[in-house]
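Engineer: Sequence isn't available, so here's the structure alone:
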């Protein structure tokens, strides 16, 4: 899996909000984590990516359905 370094840098340059969990996640120091902990983190993040993708796909589909309805 490749990580877009530019996207990560953009997140690092963005102003931080104290309640932003994503911000806290990307700023967390990974050095103290073991290989097993990193594997577990990757698995959880991959699951979250899949969940976000499903939500996005549903939103796009819903929007397309609404657009089709109002074009008629």
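Structural biologist: That came through, no problem. Predicted model only: the values in this text are computed from it and were never measured.

Engineer: which stretches of the protein aren't confidently modelled?
Structural biologist: 1-18, 72 (pLDDT under 70).

Engineer: Pick out the residue closest to the middle of it.
Structural biologist: Averaging the C-alpha coordinates of the chain gives a centre point, and the residue nearest to it by Cα atoms, centre = their mean is residue 49 (5.6 Å).

Engineer: name the element it belongs to?
Structural biologist: helix 35-71 (DSSP states H and E).

Engineer: Residue 23 now?
Structural biologist: Residue 23 belongs to helix 21-27, assigned by DSSP H and E.

Engineer: Remind me what that helix packs against, helices and strands.
Structural biologist: helix 5-13 (3 or more Cβ pairs under 8 Å, 6 or more residues apart in numbering; DSSP states H and E). Where C-beta positions appear, they are placed from N, C-alpha and C, glycine not excepted.

Engineer: re the thing from before, residues of the helix holding residue 23 that come out buried?
Structural biologist: Using 16 or more other Cβ atoms under 10 Å as the test for burial, helix 21-27 gives residue 23.

Engineer: what does stretch 45-54 give?
Structural biologist: For stretch 45-54, burial by neighbour count (16+ other Cβ under 10 Å) applies to no residue.

Engineer: Show me what that stretch is in contact with.
Structural biologist: The contact list for stretch 45-54, computed with Cβ atoms under 8 Å, 6 or more residues apart in numbering, is empty.

Engineer: Kindly report the same for stretch 30-39.
Structural biologist: With Cβ under 8 Å, 6+ apart, stretch 30-39 has contacts from residue 41.

Engineer: ok, the residue nearest to the centre of the chain to residue 69 distance?
Structural biologist: 30 Å (Cβ to Cβ, to the nearest Å).

Engineer: Residue 24 too?
Structural biologist: 40 Å.

Engineer: cool, residue 62 as well?
Structural biologist: 11 Å.

Engineer: Same question for residue 63.
Structural biologist: Using Cβ to Cβ, residue 63 is found at 11 Å from residue 69.
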